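Visitor: Quick check, what structure comes out for this input:
(2 chains)
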There are 2 protein chains.
Amino acid sequence: MAQPDPKRVKTDDDAPYELIYWPGLPGRGELIRLLFEEAGVPYVDSARTPDKAAALVMSHISPESVGDDHNPPPLAPPILKHGDLVIPQVPNILLYIAPRIGLAPKEGHGVYHLNGIVLTIIDGLVNEMHETHHPIAVSLYYADQKEEAKKRSKYYIKDRLPKWFGYLQRVLDAKTSGEGPWLYGDSLTYADLVLFQCFDGTKYAFPKAVEALEKSGKYDGVFKLYEAVKERPNISKYLASERRQAYGEGIWRRYPELEED
Amino acid sequence: MAQPDPKRVKTDDDAPYELIYWPGLPGRGELIRLLFEEAGVPYVDSARTPDKAAALVMSHISPESVGDDHNPPPLAPPILKHGDLVIPQVPNILLYIAPRIGLAPKEGHGVYHLNGIVLTIIDGLVNEMHETHHPIAVSLYYADQKEEAKKRSKYYIKDRLPKWFGYLQRVLDAKTSGEGPWLYGDSLTYADLVLFQCFDGTKYAFPKAVEALEKSGKYDGVFKLYEAVKERPNISKYLASERRQAYGEGIWRRYPELEED
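Guide: The predicted model follows:
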């Protein structure tokens, strides 16, 4: 077979953006949805046809799938389909979408600065967050690893949350953060939307811990940024809409016993 | 402060690539080193001046650092410095370097296909691998979480390694993988180097598990790719050199008790 020629398959910029993700909770898909919502860009979202969504996801990630003529298979959702292009992985999908819809520079150092910030947020507030309730195995129920989850959560709240909030405050204190409340430059970028969702999920999962972080007064910029995103007209409308799904048994879960002292 | 203008700060393409990472083990830094070694591109590596490396890393990631005039602070190494640009996060550094040194396309769908494959490999064979010996807290010694590590490793070997090896075999079986042994297209890309290192580390950490995967005959393409990278002239020379560091107490660790039945 010939080497795939990146120029042979043209993305049809008029093609709709299609988000392929599990229905019934915000999950990692939310980190992508918020970009379209903020930018007012229409998108197809499998979560809005919940009876068909699981089958659609499975058609892309079944253990037999070897992708299609133009794309390697994804391992897991979220998946973005745009014309002929099918790609997985949140930071990768964001990297593709954000410059196309005005939420990131198209070239230059900013591309890598933003990608670096976003990968770091996802490490701490998505991936490590998930480990707090599944420290032993994703294939086991929470109930079967609850004792280990309590231990892990204790250290997450004590060591990790302050580390990440402190880091984000330092990004806000850096010279590369401009006049406004944003992480990078003078206007909102997709990194701010990623932080908003991760903060919101963290507050849902560990409300007492986040309250303590707020009271410490050390991370005021992070708390201000969260409110500033929440008040954006399109985000505010979205959060009040039926499109915003309730938290459930996803990354951000509320198990009060994980916050006990 | 004005918004950072990505065009104001020009990368000096004649500037050396500088890898800033802890000395004494391959670690995440190795995922970057291998690109320079394969491409025969000179690079400065803090690991080669071990007495100064820790201080250099700390100057970038100290809890007081707010970056410099052009860059937000990184949270953790590896860090790449290239002219005025300073960026963290392995997949981000690879995304920046690979197209510049001939190991990835500069534009088009291949950029996102490769980034998706690499992010997926890192999820399973770097991040989840690290959790096998530190399932409770990075701030605790291994000895203090050994029982949980045994449990996590059991599921990692049973569920996760076959999942990732199976996925990588499917990427090799996809139409986007060309004639040769490579993951994407007809020639070696940086994704192959990332897979090589992750495979090598996994084999070091869990030799019996990898032997069982080989004997199953289900992942022959993955094993062939590993050998094909190992035989590349520049990689082969590098692996025999003093620049290749021995495994230690990093991501890939050898604790035989974690492989017991």
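Visitor: Every contact and neighbour count from this point should use C-alpha atoms.
Guide: Noted.
Visitor: pull the helix or strand with minimum mean pLDDT from chain A.
Guide: Across the helices and strands of chain A, mean pLDDT, DSSP states H and E gives its lowest value to helix A:50-61, namely a mean of 95.
Visitor: Spell out whether the very next helix or strand once past that helix and chain B are in contact.
Guide: Using DSSP states H and E, the helix or strand that directly follows helix A:50-61 along the chain is strand A:79-82. No: contact of strand A:79-82 with chain B (C-alpha under 8 Å from any C-alpha of the partner chain) is absent, the minimum separation being 10.2 Å.
Visitor: Quick check: which helices or strands does strand A:79-82 pack against?
Guide: Under the contact criterion of 3 or more C-alpha pairs under 8 Å, 6 or more residues apart in numbering or on different chains; DSSP states H and E, strand A:79-82 touches strand A:17-20, strand A:85-88.
Visitor: deepest of the ones you listed, which one?
Guide: strand A:85-88 (a mean of 23; mean count of other C-alpha atoms under 10 Å in any protein chain shown).
Visitor: Contacts for it next, please.
Guide: A:11, A:70-71, A:74-81, A:93, B:109, B:112-113, B:116 (C-alpha atoms under 8 Å, 6 or more residues apart in numbering or on different chains).
Visitor: hmm, who's touching the helix or strand following it?
Guide: Counting by DSSP H and E, the element after strand A:85-88 in chain order, helix or strand, is helix A:90-100. Residues external to helix A:90-100 that are found in contact with it (C-alpha under 8 Å, 6+ apart): A:28-29, A:31-32, A:35, A:78-80, A:87, A:104-106, A:111, A:115, A:118-119, A:190, B:112, B:115-116.
Visitor: pLDDT wise, what is A:Asp14 at?
Guide: We have a pLDDT of 81 for A:Asp14.
Visitor: before we move on, the earlier item: which of the contacts of helix A:90-100 fall in strands?
Guide: Among those, the members falling in strands (DSSP state E) are A:Ile79, A:Leu80, A:Ile87.
Visitor: Grab the nearest non-local neighbour of the first one.
Guide: By that I understand A:Ile79. A:Pro88 (4.5 Å; C-alpha to C-alpha, 6 or more residues apart in numbering or on different chains).
Visitor: one step back: could you single out the nearest of the contacts of strand A:85-88 to B:Ala15?
Guide: B:Ala15 has its nearest neighbour among these in B:Tyr112, at 26.6 Å by C-alpha to C-alpha.
Visitor: quick one, what contacts the closest one?
Guide: Going by C-alpha under 8 Å, 6+ apart, B:Tyr112 touches A:Ile87, A:Asn92, A:Tyr96.
Visitor: What is the burial count for the last one?
Guide: Neighbourhood size, A:Tyr96 [other C-alpha atoms under 10 Å in any protein chain shown]: 18.
Visitor: and A:Phe223, which of the three is it?
Guide: Look at A:Phe223: counting by DSSP: H, G, I helix; E, B strand; the rest coil, its state is helix.
Visitor: so how far is A:Gly83 from it?
Guide: Between A:Phe223 and A:Gly83 the computed distance is 38 Å (C-alpha to C-alpha, to the nearest Å).
Visitor: Looking at those two, which is more packed in?
Guide: More crowded of A:Phe223 and A:Gly83, by other C-alpha under 10 Å: A:Phe223, with 19 against 16.
Visitor: And for the more buried one, nearest residue in space, chain neighbours not counted?
Guide: For A:Phe223, the closest residue by C-alpha to C-alpha, 6+ apart turns out to be A:Glu214, at 7.2 Å.
Visitor: That neighbour reaches A:Asp220, doesn't it?
Guide: Yes: A:Glu214 is within contact range of A:Asp220, at 7.0 Å (criterion: C-alpha atoms under 8 Å).
Visitor: how about A:Val41, what does it touch?
Guide: Going by C-alpha under 8 Å, 6+ apart, A:Val41 touches A:Ile101.
Visitor: Off-centre distance for stretch A:241-256?
Guide: Centre-to-centre, stretch A:241-256 and its host chain are 13 Å apart (C-alpha atoms, centre = their mean, to the nearest Å).
Visitor: likewise stretch A:28-44?
Guide: Computed by C-alpha atoms, centre = their mean, the chain-centroid distance of stretch A:28-44 equals 11 Å.
Visitor: Name the residues of it that are buried.
Guide: A:Arg28, A:Gly29, A:Glu30, A:Leu31, A:Ile32, A:Arg33, A:Leu34, A:Leu35, A:Phe36, A:Glu37, A:Glu38 (16 or more other C-alpha atoms under 10 Å in any protein chain shown).
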